[in-house]
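Next one to model:
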Amino acid sequence: MNKNHVVTSIGEAPENERRRRMVIYTISMVTRFVCVALVVFTSGVWQWLFAIGAIFLPYFAVVVANNVGGEGKVTQKVNRVEPLSIDVGKHISEDK
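Now for the predicted structure:
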């Protein structure tokens, strides 16, 4: 469970992130509702376009809501510096 945190890699607060995702998802679902309503009131090519929007919009809404602002979630790999190990036995045998 040792997890190193670098101050510059801390993302946004969980409450803010959750709120941002909910706003994006809500806007997408309202758009989907409009598409479903327009399927009923249109015909022809427009009806098909709105039906495709109503079917595929939930998937894209979730993907977009979860990926927007993803740059704050990227954590930098912390390079751990190991102490230098020297084989003393090799140097002692050369001195003799």
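
Show me what the helix ranked longest in the chain is packed against.
Longest helix of the chain, by residue count under DSSP state H: helix 14-41. If you count contacts as 3 or more CB pairs under 8 Å, 6 or more residues apart in numbering; DSSP states H and E, helix 14-41 packs onto helix 45-67. C-beta here means a position set from N, CA and C on the backbone, and glycine is covered the same way.

Now do the longest helix of the chain and helix 45-67, the angle between them.
170 degrees (axes from the mean of the first three to the mean of the last three CA atoms, to 10 degrees).

Check which residues of helix 14-41 are buried.
Glu17, Arg21, Ile24, Tyr25, Ser28, Arg32, Cys35, Leu38, Val39 (16 or more other CB atoms under 10 Å).

Likewise for stretch 45-54?
Using 16+ other CB under 10 Å as the burial criterion, the residues of stretch 45-54 that qualify are Phe50, Gly53, Ala54.

between those residues, which is nearest Glu82?
Gly53 (55.3 Å; CB to CB).

Can you give me every residue that contacts that closest one?
By CB atoms under 8 Å, 6 or more residues apart in numbering, the residues touching Gly53 are Thr31, Arg32, Cys35.

what about the spatially closest residue to the first one that is not a sequence neighbour, distance to Ala51?
What that stands for is Thr31. Setting aside the residues directly before and after it, Thr31 is nearest to Leu57 in space (CB to CB, 6 or more residues apart in numbering), at 6.4 Å. Separation of Leu57 from Ala51 (CB to CB, to the nearest Å): 11 Å.

Now do the shared contacts for the two.
The contact lists of Leu57 and Ala51 share Cys35, where a contact means CB under 8 Å, 6+ apart.

one step back: what number of residues are in the vicinity of the residue nearest to Thr31?
Using other CB atoms under 10 Å, Leu57 has 19 other residues around it.
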